[in-house]
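S.K.: predicted model, plus sequence, below.
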Amino acid sequence: MRSVVPEPDRRWTWTDLRLAPAAAVVWGTTLVAPLASWPLLAGVAVGAAAVAGGLVRGRPSGRALVVAAASAALVLAAASAALRSWDREASPLAGASSGESPVLLELRTDSDPRLVAGAGPPRVVVEATVTRLARGPGTVALDDAVVVFAPAEEWAGLLPGQAVRTRGVVTPAGPADGVVARVSARGPPELLGDPPWAQRAAGSLRAALASSADRTLDPAAAGLLPGLVVGDTTGLDPLLEEDFRRSGLSHLTAVSGANVAIVLSGVLAPLRRRATDRRVQAVVASVALIGFVLLARPTASVLRAAAMGAVSLLALASGRSRAAVPALSGAVVVLLVVDPRLARDAGFALSVAATAAIVLLVPGWSRRLRARGWPRLLADAVAVSAAAGLATAPLVAGLSGLVSLVSLPANLLAAPAVAPATVLGLLAAVVGPVAAPLADCLTWLAGWPVRWLVLVARSAAGLPDAVTGWPAGTTGALLLTGLIAAVAAALWRWPRLRALALALIVGALLVGWPLRQVTRGWPPPDAVLVACDVGQGDALVVPTGPGEGVLVDAGPDLAPVDRCLDRLGIDRLPLVLVSHLDADHVGGLAGALGGREVGVVATGTLSPADDRAGALARTVRDAGARREVLLPGDRRQVAAASIEVLGPTPQSATRGAEPNDLSLVVRVTVHGLRILLTGDLSAQAEQRLLRRDPDLRADVLKVPHHGSADNDPDFLAASQARVAIVSVGADNTYGHPTRRLLGWLAQGGMRVYRTDRDGDVAITGSAAGWAVVPRGADPGAAAPDLPARGPPGATAGRYVVRRRTERGPWCAGTIGPP
């Protein structure tokens with residue numbers, strides 16, 4: 001399809017960037033506003049207004065107008081931030097934020113409920129607005145934004161715009177959260193009427209698309225299609241989502257500017273054939289844009305995509321693509337003032353950077369490629385992918401600490417499939433409520449390009465060295481920005497360097513990359529233990545044979561442990577030991593079990609008050625495994641690995657026992673090497689174990705609780721270990737491992753290896769001679785731990801991987817399901 005932005009009538013000039021300083025001022029002010037009080041913000045607004053007024057008097061110069069526009073933007077940002085700060089402090093919800101007593105609230109939901117994964121029963125998070133608060137014998141009318149955490153079973157079916165009444169505990173929100181308070185619902189919602197008709201219609205279309213995808217497509221494609229078309233990622237396999245991230249295709253798993261461009265192109269194509277007036281085209285496209293926003297839900301990601309599409313509409317209506325540059329700056333200003341949370345939204349920053357690069361760089365780059373004989377479609381695709389990739393690479397590197405080396409080719413391969421999948425998916429959603437068989441046919445057809453996207457993402461992410469590590473944070477982003485700018489300037493200034501650069505790239509691909517794969521040497525052939533780098537959590541593997549191993553814990557996320565097992569070539573798990581049910585030990589269990597042959601999943605004795613056992617049982621059952629409970633003195637033999645259970649005792653599993661203190665403690669002996677695995681024991685639990693069983697000798701100690709200070713030095717010394725492994729996340733907020741703990745290990749003569757610095761750590765050999773082999777930190781193995789905005793133990797994500805049975809629609813004929 002043709003782009004909705006016409007060829008530029010002339011090249012942009014620096015004057016087209018006159019609103020860029022205003023956008024930068026609003027962005028910066030919005031970022032720092034939560035740190036300031038509302039009187040200070042009001043004072044800043046007054047001062048900026050005085051500056052702007054002084055600059056526009058008389059006949060100001062162009063530079064003065066730019067400064068005046070930036071000052072006016074500062075007035076707008078500071079004044080709106082002051083009003084929000086004052087409103088938050090003066091809200092009656094602030095008075096209701098003390099104590100644990102629930103209050104009666106009336107809410108209007110502003111988003112779909114999103115499932116969160118955590119240590120307890122499934123819960124959802126919902127953005128909402130409190131309209132009434134019960135206070136004393138009466139109620140108080142409000143209009144305060146909140147975020148609600150609620151039981152998934154009771155709240156999952158709500159649509160945006162639904163009015164409900166509920167009881168919940170109100171707690172204060174942070175200044176940077178963009179809401180007045182957080183609400184933890186204590187029961188089911190009482191519905192107050194129906195949602196708006198537009199939301200009901202959008203909900204039925206979204207449900208029709210998801211249902212049709214479930215009926216006709218395989219699980220991976222069925223989960224991706226709704227996400228690609230309308231941003232519904234509830235069925236998306238988290239492992240597949242990680243593949244899209246590593247391959248640089250994560251923008252396809254949610255609604256982005258590409259979706260908007262495809263919708264607008266489809267609407268405008270027939271109008272262009274009839275040479276309809278540009279202004280009429282813009283009006284029709286605006287109506288289509290509003291309808292798409294309702295269908296995809298007006299969330300932050302959809303609104304920013306719509307705003308970027310509106311920039312293109314303005315260029316279309318004016319006939320001047322140069323108008324897109326100041327329009328982009330204006331869109332940034334408006335969106336940040338309306339929703340300050342976007343200032344900290346990574347997706348918003350990526351959208352702005354990519355759109356700016358496309359508007360400023362793509363026309364010229366594409367024109368030069370066409371001048372060298374490139375076909376128009378290929379020139380446009382390469383220019384768009386290269387410009388957007390280069391513009392967003394520093395942000396991605398700063399956010400994730402990695403640079404995807406396969407992003408450009410992956411995006412080029414994926415580009416042809418995006419438009420047909422989106423168009424067919426949208427048509428299926430529209431006809432689904434009234435003609436399910438036709439929707440199934442359209443969905444089946446959409447399955448082919450969607451399946452291609454899955455293949456590209458998995459293949460690109462599975463390549464060795466598909467991503468490389470990079471310093472995270474602001475320093476890393478600035479460093480990569482400087483590097484890209486320096487290389488670009490050098491290639492522009494000295495054209496002869498271009499051939500040399502191309503030769504270096506080809507040499508690295510044809511010689512350097514294969515040589516690195518041959519000399520990598522991982523996994524070691526005689527490994528008896530591998531501590532996987534899964535971030536702030538535990539996942540350890542005891543290889544027991546070709547393609548087989550014992551897994552002890554699974555880390556906090558699905559993808560890292562799955563990749564670690566893939567690197568080790570393990571597809572059979574005869575025994576899985578779960579030390580305890582905290583999320584940093586079982587959050588990745590579904591990723592480890594999925595697609596592998598699993599025998600027994602065992603835990604120690606759990607507290608009768610631990611309500612997380614049901615979720616574990618469901619995960620074990622879905623994997624086709626058997627659940628067991630191990631007691632002190634039990635022994636298990638898996639090939640050459642002998643497993644001795646040391647704790648916990650059933651008597652210690654009281655209702656008030658801490659889950660960490662009930663960690664399953666085992667000693668694994670392989671080829672004479674003894675490995676003590678200790679879960680998250682606290683110092684008190686270690687002392688009890690030491691008194692009950694003083695023989696804790698081992699060659700290798702897995703340090704309890706990621707190296708926290710809550711350890712007993714006598715327990716550590718009793719192990720007499722020569723090597724201590726600390727499974728810990730890089731840049732974690734807990735300060736693990738602590739200096740105190742490291743001092744105790746040093747006093748015991750232990751050499752310390754840490755997964756945050758050494759990556760996967762393997763123990764190789766036997767009692768006759770053994771060694772430690774670190775793999776090196778895996779780029780993007782796991783993000784630093786991020787405290788969830790919700791109850792303790794809750795982390796953003798999905799709870800289970802959905803599994804479906806596929807079958808073909810009526811229109812598939814004798815071909816069968818794809």
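M.R.: Nice, thanks for sending it over.

S.K.: which sections of the stretch 151-300 of the chain are below the confidence cut-off?
M.R.: Across the stretch 151-300 of the chain, the ranges flagged by pLDDT under 70 are 256-258, 300.

S.K.: no, scratch that, I was asking about the stretch 301-450 of the chain
M.R.: Along the stretch 301-450 of the chain, segments meeting pLDDT under 70 span 301, 304, 308-324.

S.K.: where do the strands sit along it?
M.R.: 402-404 (DSSP state E, counting those that start in this stretch).

S.K.: what about the closest residue in space to Gln720 that isn't next to it in sequence, neighbour count?
M.R.: In this structure, Gln720 finds its nearest non-sequential neighbour in Arg697, 5.0 Å apart by Cβ to Cβ, 6 or more residues apart in numbering. Bear in mind the C-beta positions are built from the backbone N, C-alpha and C, glycine included. Counted with other Cβ atoms under 10 Å, the neighbours of Arg697 add up to 12.

S.K.: do the one 5 residues further on as well
M.R.: Here the neighbour count serves as a burial measure; for Lys702 (other Cβ under 10 Å) it reads 27.

S.K.: thought it was touching Leu676?
M.R.: Yes: if you go by Cβ atoms under 8 Å, Lys702 and Leu676 touch, sitting 6.6 Å apart.

S.K.: for Asp380, see how far away the residue nearest to Gln720 is.
M.R.: Going from Arg697 to Asp380 by Cβ to Cβ, to the nearest Å gives 67 Å.

S.K.: same thing with Pro326?
M.R.: For Pro326 relative to Asp380 (Cβ to Cβ), the value is 24 Å.

S.K.: same thing with Leu115?
M.R.: Counting by Cβ to Cβ - Leu115 and Asp380 are separated by 38 Å.

S.K.: over to Arg272?
M.R.: Remark: distance between Arg272 and Asp380 (Cβ to Cβ) = 17 Å.

S.K.: so which of the two has more stuff around it?
M.R.: Asp380 (20 against 14).

S.K.: let me see the contact set for the residue lying closest to Leu35 once chain neighbours are set aside.
M.R.: Closest residue in space to Leu35, ignoring its immediate chain neighbours: Pro175 at 7.2 Å, by Cβ to Cβ, 6+ apart. Going by Cβ atoms under 8 Å, 6 or more residues apart in numbering, Pro175 touches Pro34, Leu35, Ser85, Arg88.

S.K.: counting neighbours, which of the residues you listed comes out on top?
M.R.: Arg88 (22 neighbours).

S.K.: measure the nearest residue to Leu426 once chain neighbours are set aside to Phe244 for me?
M.R.: Closest residue in space to Leu426, ignoring its immediate chain neighbours: Val229 at 5.8 Å, by Cβ to Cβ, 6+ apart. Distance of Val229 to Phe244, given as Cβ to Cβ: 15 Å.

S.K.: and Ala221, by the same measure?
M.R.: Computed as Cβ to Cβ, the Ala221 to Phe244 distance reads 13 Å.

S.K.: check Phe348 too.
M.R.: Distance, Phe348 to Phe244, using Cβ to Cβ: 19 Å.

S.K.: more neighbours: those two, which one.
M.R.: Neighbours per residue (other Cβ under 10 Å) separate Phe348 from Phe244, with Phe244 holding more: 26 against 23.

S.K.: what comes into contact with the helix or strand harbouring the more buried one?
M.R.: Take DSSP states H and E as the rule and Phe244 turns out to sit in helix 238-246. Identification of contacts with helix 238-246 by Cβ under 8 Å, 6+ apart yields 220, 223-224, 233, 250, 252-253, 400, 402, 404, 454, 457-458, 460-462, 466-467, 557-559, 562, 591, 594, 780, 797-798, 801.

S.K.: quick one: end-to-end distance for stretch 537-557.
M.R.: Length of stretch 537-557, first residue to last, Cα to Cα, to the nearest Å: 9 Å.

S.K.: hang on, the earlier thing: just the contacts of Pro175 now: which is nearest Pro196?
M.R.: Ranked by distance to Pro196 (Cβ to Cβ), those are led by Arg88 at 27.0 Å.

S.K.: now Leu427: how far from Leu445?
M.R.: Distance from Leu427 to Leu445, by Cβ to Cβ: 9 Å.

S.K.: list the residues that contact the closest residue to Gly537 other than its chain neighbours.
M.R.: Leaving aside its sequence neighbours, Gly537 sits nearest to Asp584 (Cβ to Cβ, 6+ apart; 3.6 Å). Counting by Cβ under 8 Å, 6+ apart, Asp584 touches Gln536, Gly537, Asp538, Gly555, Pro556, His706, Asp785.

S.K.: are we agreed that Asp584 is in a helix?
M.R.: Yes: counting by DSSP: H, G, I helix; E, B strand; the rest coil, Asp584 is located in a helix.

S.K.: give me the distance between it and His736.
M.R.: 11 Å.

S.K.: joint contacts of those two?
M.R.: Gln536, His706.

S.K.: buried set for the one helix or strand Ala198 maps to?
M.R.: Using DSSP H and E, Ala198 maps to helix 197-216. Counting neighbours by 16 or more other Cβ atoms under 10 Å, one finds that the buried residues in helix 197-216 are 199, 202-203, 205-206, 208-216.

S.K.: can you tell me which of those residues is nearest Arg618?
M.R.: Asp214 (19.5 Å).

S.K.: run a quick check on that closest one versus Ala221, I expect a contact.
M.R.: No: contact between Asp214 and Ala221 fails when scored by Cβ under 8 Å: they sit 10.6 Å apart.

S.K.: list the buried ones in the longest helix seen in the chain?
M.R.: Secondary structure of the chain per DSSP state H: the longest helix is helix 62-90. Judged by neighbour count using 16+ other Cβ under 10 Å, the buried positions of helix 62-90 are 66-82, 84-85, 88.

S.K.: and if you look at stretch 634-646?
M.R.: Buried positions in stretch 634-646, judged by neighbour count with 16+ other Cβ under 10 Å: Arg636, Val638, Ala641, Ile643, Glu644, Val645, Leu646.

S.K.: need the overlap of contacts for Ala221 and Phe244.
M.R.: In contact with both Ala221 and Phe244: no residue, using Cβ under 8 Å, 6+ apart.

S.K.: need the pLDDT of Pro574.
M.R.: Per-residue pLDDT puts Pro574 at 96.

S.K.: Val761 pairs with what?
M.R.: Per DSSP bridges, the residues bridged to Val761 are Ala531, Pro774.

S.K.: residue contacts, it?
M.R.: Val530, Ala531, Ile725, Tyr753, Thr755, Val772, Val773, Pro774, Arg775.

S.K.: do the same with Ala388
M.R.: Ala354, Ala357, Ile358, Asn411.

S.K.: pretty sure Ala554 sits against Ala583.
M.R.: No: Ala554 lies out of contact with Ala583 (Cβ under 8 Å); the separation is 10.3 Å.

S.K.: which one's more surrounded, those two?
M.R.: It is Ala554, of Ala554 and Ala583, that has more neighbours when counted by other Cβ under 10 Å, with 31 against 22.

S.K.: so the more buried one is in which element?
M.R.: Using DSSP H and E, Ala554 is not contained in any helix or strand.

S.K.: measure it to Thr733 for me?
M.R.: 21 Å.

S.K.: let me have the buried residues of helix 197-216 in CSV, adding distance to Gly53 as columns.
M.R.: Conversion of these to CSV gives the following (distance: Cβ to Cβ, whole Å):
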residue, distance to Gly53
Gln199, 44
Ala202, 45
Gly203, 49
Leu205, 50
Arg206, 49
Ala208, 55
Leu209, 53
Ala210, 54
Ser211, 58
Ser212, 58
Ala213, 57
Asp214, 60
Arg215, 63
Thr216, 63
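
S.K.: nearest to Thr474 among those residues?
M.R.: The closest of these to Thr474 turns out to be Arg206 (Cβ to Cβ; 37.8 Å).
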